[in-house]
Structure formats: structure tokens, C-alpha cells
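> need a structure here:
(3 chains)
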Amino acid sequence: MPELPEVETVRRTLTPAIGARIASVWDSGKGLHMARTPPRAALKKLIGSRITAVRRIGKYLLVDTDGERSLLVHLGMTGRLRIHKAADVRANHTHVVLGLGDRELRFSDPRRFGQIDVVKRSAEREHPALSILGPDALTDGVDPVAFHARSRGKKAMLKAFVLDQSVLAGVGNIYASEALWRAKLRPTTRAHKLTVESAHRLALAISEVIANALENGGTSLRDFVDADGAEGENADYLWVYDRAGQPCLRCKSVIRRSVLQGRATFYCPTCQKP
DNA sequence: CGGAAGACCTGAAGGC
DNA sequence: TGCCTTCAGGTCTTCC
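Next up is the predicted model:
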């Protein structure tokens, strides 16, 4: 479910946890992404430390402590990271809980596509999940020159290029369609076809789409909520995603849905030129 | 190299 | 009410 704007929204709403001491940890023992179970022994080592910051790299969150380790979290499709009162009933599919006195930081994830790990901060970028990430689309910004350079010689479709986390970290399925619509580019166009001008347009479109979604607190189509349980408003502002059969907001043509690499893709057949 | 298809999972929604 | 199919903000692997 969560792309950069949603993960960043979670990060921002987690700041009340900063300063809290981790008094206990618990995990369900269930396997998450790639059948990996949360590393119980490493989680236990977080006990006694205080949360000093919550950072985000691409779609990953890092909960820093005053020890040498950080908690690494990926929300997958249905993951939630929320602050609850310790007395609140635990949601179904809760898989990791950090006890923070009268509060708890809880990770729940019905589909279990998320990831939980503990990393040594001094070597965090060597973690396999983080080592492959390109520049962060928000923190680092989308450098149009570098973006264009990365597209040289690439036969991949633009949709795949934009989703490639090693090119740019943070863009997911919704905002890929949104950015390509905004840049007036067809999702199936090959990346090497980008001109300097169209690459710049796409780079700017990605930045704007992400900034707007973030302002709206993210897109809640199904599962996404922030750390306080609040939904985002951005679903009301989508131009193409989930709008198949409806008029293009630019030219009134009928928006189409196709499937690219197994994923729903939305575009305007008229104003997004092949 | 790239793309399609399948894998990992659960639950909501729609058709009958 | 139930049963069945389809679909879902993400990776990762395998096969062509």
C-alpha cells in the first residue's frame, strides 16, 4: 500500500515516540517478506535503549535508538506502524510490538509482505534492502540530469523505469501512473526514448506528484493510515489511478487501464503520446 | 538485458 | 447466507 508519501506521513506521525525508552519487545514469530521471521534475538537487544529519531529511505523506515542499532521497517502492501496506548486491544495480524511504557509501537501486517529487521547504523547501507536504493525522490530530490543519464540505453518501459528503486527510491504503482500522466508520457514508451526535455518533465512531475500527495497526507485506497490511525486525503486528488472509464481531467478522453508487468496501469490514450 | 508469470499472504468486494 | 473469482500502495525469483 505505501509509497514514499505514505511512508513519510507515517514517519512524521511517529515523532511523538522520540525519546521513549524501549522497555520490552514482542514478536508473533510469523514469517514476513520472503518468509523471513523478525530477528527475535536482535530485537531483544533494543531493550533499554531510547528512540532518538525516525528516518525514511525510499519506502523503508529506520527507528534509531541511542544504542548502535536501528529498527528497519518496510510496510509491504498492508503494513501499519502505529503508536497505541498499551492498554488498547491489539489488532489482528500484529507481528511486532515495542513496549514504550504506557504506549506501544506496533507493526501489523495482514498480508505479511512487510519486512522487519535490526541493523547496525554504522553499516546500514550495506543491508541488502538499502544497498540497492538510488537517490530518495524526496530527500535527495529528482535530479533531471542524472535521471536522464540513467535512462540511456534502457529498453525498459517508462513505467518500469520509474518503479525501479535503484533509479529512484520511493515511487510506487499509484504515483508512477500519476507522474507519467502529468508528464504526458505513455507508460509503455521505452526509457531510452526520453529526450532531455521529456526527462526533465518527468523528473519534475515525479517531484510534484510526491509533494502533493505528501501535503494531502498520502493516498488511502484500502489500508493506509498514519501512526495515529488517520487516513490520507490524496485519493480525492488522483488524476488517473483507479479512474478507468472516466474522463481525462486534461482532455476528456476516456482513461484506460492496462496491466504492465502484472500491475494495474492507468493512462490517457490521447494526451499521453506513445 | 527485459518482461511475463508466479511466488509470498489475507481480506474486501462483486457476481451468482 | 454462501461460494467463487478477482483484485490490492511491494518485492523477489524463475523462466523465456
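> Could you find the closest non-adjacent residue to whichever residue of the stretch 51-200 of chain A sits closest to DNA strand C?
Distances between the stretch 51-200 of chain A and DNA strand C by CB to the nearest atom of the strand are smallest at A:Gly172, namely 2.2 Å. In this view, the C-beta of every residue, glycine as well, is placed from N, C-alpha and C. Closest residue in space to A:Gly172, ignoring its immediate chain neighbours: A:Glu3 at 3.4 Å, by CB to CB, 6 or more residues apart in numbering.
> Any figure for the gap between the one you found and A:Thr52?
Using CB to CB, to the nearest Å, we find A:Glu3 at a distance of 26 Å from A:Thr52.
> pretty sure A:Gly229 contacts A:Ile83?
No - the pair A:Gly229 / A:Ile83 is not scored as a contact, 9.1 Å apart, by CB atoms under 8 Å.
> neighbour-wise, which of those two wins?
Between A:Gly229 and A:Ile83, counted using other CB atoms under 10 Å, A:Ile83 has the larger neighbour count: 21 against 12.
> check which helix or strand covers that one.
Following DSSP states H and E, one finds A:Ile83 within strand A:80-85.
> Please report phi then psi for the residue nearest to A:Gly172.
Note on A:Glu3: its backbone torsions stand at phi -110, psi -170 [degrees, to the nearest 10].
> and chain A, which of its residues are near DNA strand C?
For chain A, the residues in contact with DNA strand C (CB under 7 Å from any atom of the strand) are A:1-3, A:6, A:33-34, A:58-59, A:74, A:76-77, A:111, A:113, A:128-129, A:132, A:165, A:172-174, A:218-224, A:262-264.
> From those, which land in strands?
The strands, defined by DSSP state E, take in A:His74, A:Arg263, A:Ala264 from the residues of chain A next to DNA strand C.
> looking at the sheet around the closest residue in space to the last one that isn't next to it in sequence, what are its partners?
Okay, so that is A:Ala264. Spatial nearest neighbour of A:Ala264, excluding adjacent residues (CB to CB, 6+ apart): A:Arg257 at 6.0 Å. Counting by DSSP bridges, A:Arg257 forms beta bridges with A:Phe266.
> List the pairing partners of the helix or strand harbouring A:His95 within its sheet, with orientation.
Taking DSSP H and E as the definition, A:His95 sits inside strand A:94-100. Sheet pairing for strand A:94-100, assigned by DSSP bridges, gives strand A:24-27 (antiparallel), strand A:103-108 (antiparallel).
> Most tightly packed of those?
Ranked by mean neighbour count, the strands paired with strand A:94-100 are led by strand A:103-108 with a mean of 22 (mean count of other CB atoms under 10 Å).
> Show me the helices in the stretch 101-250 of chain A, by range?
Along the stretch 101-250 of chain A, the segments classed as helices by DSSP state H, counting those that start in this stretch run A:128-131, A:144-151, A:158-163, A:173-182, A:196-215.
> For whichever residue of the stretch 1-150 of chain A sits closest to DNA strand B, give me its contacts.
Per CB to the nearest atom of the strand, A:Arg111 is where the stretch 1-150 of chain A lies closest to DNA strand B, at 3.3 Å. By CB atoms under 8 Å, 6 or more residues apart in numbering, A:Arg111 lies in contact with A:Gly76, A:Met77, A:Thr78.
> The first one: neighbour count?
If I follow you right, that is A:Gly76. 18.
> That one touches A:Ser108, doesn't it?
No - A:Gly76 lies out of contact with A:Ser108 (CB under 8 Å); the separation is 11.1 Å.
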